[in-house]
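Novice: heads up, no residue letters with this:
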(Lines give C-alpha, C1' and ligand atoms only; values in the text may rest on other atoms or scores of the structure.)
Protein backbone atom coordinates (compact mmCIF):
# COMPACT_ATOMS: atom_id res chain seq x y z
CA UNK A 1 0.00 0.00 0.00
CA UNK A 2 1.27 3.46 -0.84
CA UNK A 3 1.19 5.96 2.00
CA UNK A 4 1.20 9.30 0.16
CA UNK A 5 -2.41 9.84 1.15
CA UNK A 6 -2.20 9.45 4.92
CA UNK A 7 -5.62 8.46 6.20
CA UNK A 8 -7.45 9.84 3.18
CA UNK A 9 -10.43 7.86 2.04
CA UNK A 10 -11.31 6.87 -0.62
CA UNK A 11 -7.80 7.13 -2.08
CA UNK A 12 -6.49 4.42 0.25
CA UNK A 13 -8.94 1.79 -0.89
CA UNK A 14 -8.67 2.83 -4.55
CA UNK A 15 -4.90 2.46 -4.37
CA UNK A 16 -5.29 -1.08 -3.07
CA UNK A 17 -7.89 -1.94 -5.70
CA UNK A 18 -5.68 -0.55 -8.47
CA UNK A 19 -2.72 -2.69 -7.41
CA UNK A 20 -4.66 -5.90 -6.82
CA UNK A 21 -6.85 -5.75 -9.93
CA UNK A 22 -3.64 -5.49 -11.95
CA UNK A 23 -2.20 -8.44 -10.01
CA UNK A 24 -5.27 -10.57 -10.65
CA UNK A 25 -5.16 -9.67 -14.34
CA UNK A 26 -1.52 -10.83 -14.48
CA UNK A 27 -2.40 -13.98 -12.56
CA UNK A 28 -4.69 -15.09 -15.39
CA UNK A 29 -1.64 -15.07 -17.67
CA UNK A 30 0.55 -16.82 -15.08
CA UNK A 31 -1.90 -19.70 -14.85
CA UNK A 32 -2.20 -20.06 -18.62
CA UNK A 33 1.58 -19.92 -19.10
CA UNK A 34 2.33 -22.31 -16.24
CA UNK A 35 -0.16 -24.96 -17.32
CA UNK A 36 0.38 -25.16 -21.07
CA UNK A 37 -2.08 -28.01 -21.63
CA UNK A 38 -4.88 -26.62 -19.44
CA UNK A 39 -8.35 -27.56 -20.63
CA UNK A 40 -9.76 -25.22 -23.29
CA UNK A 41 -12.77 -24.11 -21.26
CA UNK A 42 -10.48 -22.99 -18.42
CA UNK A 43 -8.20 -21.17 -20.87
CA UNK A 44 -11.20 -19.31 -22.29
CA UNK A 45 -12.50 -18.50 -18.81
CA UNK A 46 -9.08 -17.11 -17.84
CA UNK A 47 -8.96 -14.97 -20.98
CA UNK A 48 -12.42 -13.58 -20.19
CA UNK A 49 -11.30 -12.86 -16.63
CA UNK A 50 -8.17 -11.16 -17.91
CA UNK A 51 -10.29 -8.80 -19.99
CA UNK A 52 -12.77 -8.12 -17.16
CA UNK A 53 -10.01 -7.50 -14.61
CA UNK A 54 -8.25 -5.15 -17.02
CA UNK A 55 -11.45 -3.16 -17.49
CA UNK A 56 -11.95 -2.93 -13.73
CA UNK A 57 -8.32 -1.89 -13.26
CA UNK A 58 -8.76 0.93 -15.78
CA UNK A 59 -11.97 2.06 -14.10
CA UNK A 60 -10.18 2.20 -10.74
CA UNK A 61 -7.37 4.26 -12.31
CA UNK A 62 -9.95 6.73 -13.66
CA UNK A 63 -11.49 7.07 -10.20
CA UNK A 64 -8.06 7.66 -8.64
CA UNK A 65 -7.43 10.42 -11.17
CA UNK A 66 -10.83 11.95 -10.42
CA UNK A 67 -10.21 11.92 -6.67
CA UNK A 68 -6.74 13.44 -7.05
CA UNK A 69 -8.02 16.15 -9.40
CA UNK A 70 -10.80 16.99 -6.96
CA UNK A 71 -8.18 18.10 -4.47
CA UNK A 72 -9.57 15.41 -2.20
CA UNK A 73 -12.82 17.33 -1.83
CA UNK A 74 -15.06 14.33 -2.35
CA UNK A 75 -18.70 14.93 -3.10
CA UNK A 76 -21.19 12.51 -1.54
CA UNK A 77 -22.07 11.12 -4.98
CA UNK A 78 -18.40 10.51 -5.89
CA UNK A 79 -17.84 8.83 -2.53
CA UNK A 80 -20.89 6.61 -3.11
CA UNK A 81 -19.66 5.71 -6.61
CA UNK A 82 -16.23 4.80 -5.25
CA UNK A 83 -17.79 2.59 -2.58
CA UNK A 84 -19.92 0.85 -5.24
CA UNK A 85 -16.79 0.28 -7.34
CA UNK A 86 -14.92 -1.15 -4.37
CA UNK A 87 -17.84 -3.45 -3.57
CA UNK A 88 -17.77 -4.60 -7.19
CA UNK A 89 -14.01 -5.18 -6.91
CA UNK A 90 -14.58 -7.37 -3.86
CA UNK A 91 -17.28 -9.39 -5.62
CA UNK A 92 -15.06 -9.72 -8.69
CA UNK A 93 -12.14 -10.96 -6.59
CA UNK A 94 -14.40 -13.56 -5.01
CA UNK A 95 -15.47 -14.72 -8.47
CA UNK A 96 -11.84 -14.97 -9.57
CA UNK A 97 -11.01 -16.95 -6.43
CA UNK A 98 -13.91 -19.28 -7.20
CA UNK A 99 -12.54 -19.88 -10.72
CA UNK A 100 -9.05 -20.60 -9.35
CA UNK A 101 -10.50 -23.10 -6.88
CA UNK A 102 -12.53 -24.70 -9.65
CA UNK A 103 -9.45 -25.06 -11.84
CA UNK A 104 -7.50 -26.52 -8.92
CA UNK A 105 -10.15 -29.13 -8.14
CA UNK A 106 -11.59 -29.95 -11.57
CA UNK A 107 -8.68 -29.75 -14.00
CA UNK A 108 -7.27 -33.17 -14.85
CA UNK A 109 -4.02 -31.51 -15.91
CA UNK A 110 -3.52 -29.87 -12.52
CA UNK A 111 -4.47 -32.96 -10.54
CA UNK A 112 -0.89 -34.22 -10.53
CA UNK A 113 0.91 -30.88 -10.95
CA UNK A 114 2.11 -29.84 -7.50
CA UNK A 115 3.68 -26.61 -8.79
CA UNK A 116 0.43 -25.49 -10.39
CA UNK A 117 -1.48 -26.26 -7.18
CA UNK A 118 0.99 -24.23 -5.13
CA UNK A 119 0.76 -21.30 -7.56
CA UNK A 120 -3.05 -21.42 -7.57
CA UNK A 121 -3.08 -21.48 -3.76
CA UNK A 122 -0.76 -18.47 -3.73
CA UNK A 123 -2.99 -16.59 -6.19
CA UNK A 124 -6.06 -17.37 -4.08
CA UNK A 125 -4.35 -16.17 -0.91
CA UNK A 126 -3.28 -12.92 -2.59
CA UNK A 127 -6.82 -12.16 -3.77
CA UNK A 128 -8.16 -12.97 -0.31
CA UNK A 129 -5.55 -10.60 1.12
CA UNK A 130 -6.86 -7.78 -1.08
CA UNK A 131 -10.40 -8.53 0.02
CA UNK A 132 -9.38 -8.37 3.67
CA UNK A 133 -7.54 -5.06 3.23
CA UNK A 134 -10.38 -3.49 1.27
CA UNK A 135 -12.98 -4.60 3.78
CA UNK A 136 -10.90 -3.27 6.67
CA UNK A 137 -10.47 0.10 5.02
CA UNK A 138 -14.14 0.29 4.08
CA UNK A 139 -15.30 -0.49 7.61
CA UNK A 140 -13.01 2.17 9.13
CA UNK A 141 -14.95 5.02 7.50
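Specialist: That came in fine, so what should we check first? From a predicted model like this one, the values you see are computed outputs, not experimental measurements. Numbers count the residues shown, from 1 in each chain.

Novice: now the end-to-end length of stretch 66-74.
Specialist: End-to-end distance of stretch 66-74 (Cα to Cα, to the nearest Å): 9 Å.

Novice: Outside of it itself, which residues are in contact with it?
Specialist: Here stretch 66-74 makes contact (Cβ atoms under 8 Å, 6 or more residues apart in numbering) with 8, 10, 11, 14, 78, 82. The C-beta positions use only the backbone N, C-alpha and C, and glycine is treated the same way.

Novice: Ok, stretch 112-132 next?
Specialist: Contact partners of stretch 112-132, identified using Cβ under 8 Å, 6+ apart, comprise 16-17, 19-20, 23-24, 27, 30-31, 34-35, 90, 93-94, 96-97, 100-101, 103-104, 109-110.

Novice: buried residues in that stretch?
Specialist: Burial within stretch 112-132, assessed by neighbour count using 16 or more other Cβ atoms under 10 Å, is assigned to 113, 116, 117, 119, 120, 123, 124, 126, 127, 130, 131.

Novice: could you redo those residues as a markdown table and give each row secondary structure and distance to residue 48?
Specialist: Formatted as a markdown table, the buried residues of stretch 112-132 follow (DSSP: H, G, I helix; E, B strand; the rest coil; distance: Cβ to Cβ, whole Å):
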| residue | secondary structure | distance to residue 48 |
| --- | --- | --- |
| 113 | coil | 23 |
| 116 | helix | 20 |
| 117 | helix | 23 |
| 119 | helix | 20 |
| 120 | helix | 18 |
| 123 | helix | 16 |
| 124 | helix | 18 |
| 126 | helix | 20 |
| 127 | helix | 17 |
| 130 | helix | 20 |
| 131 | helix | 21 |
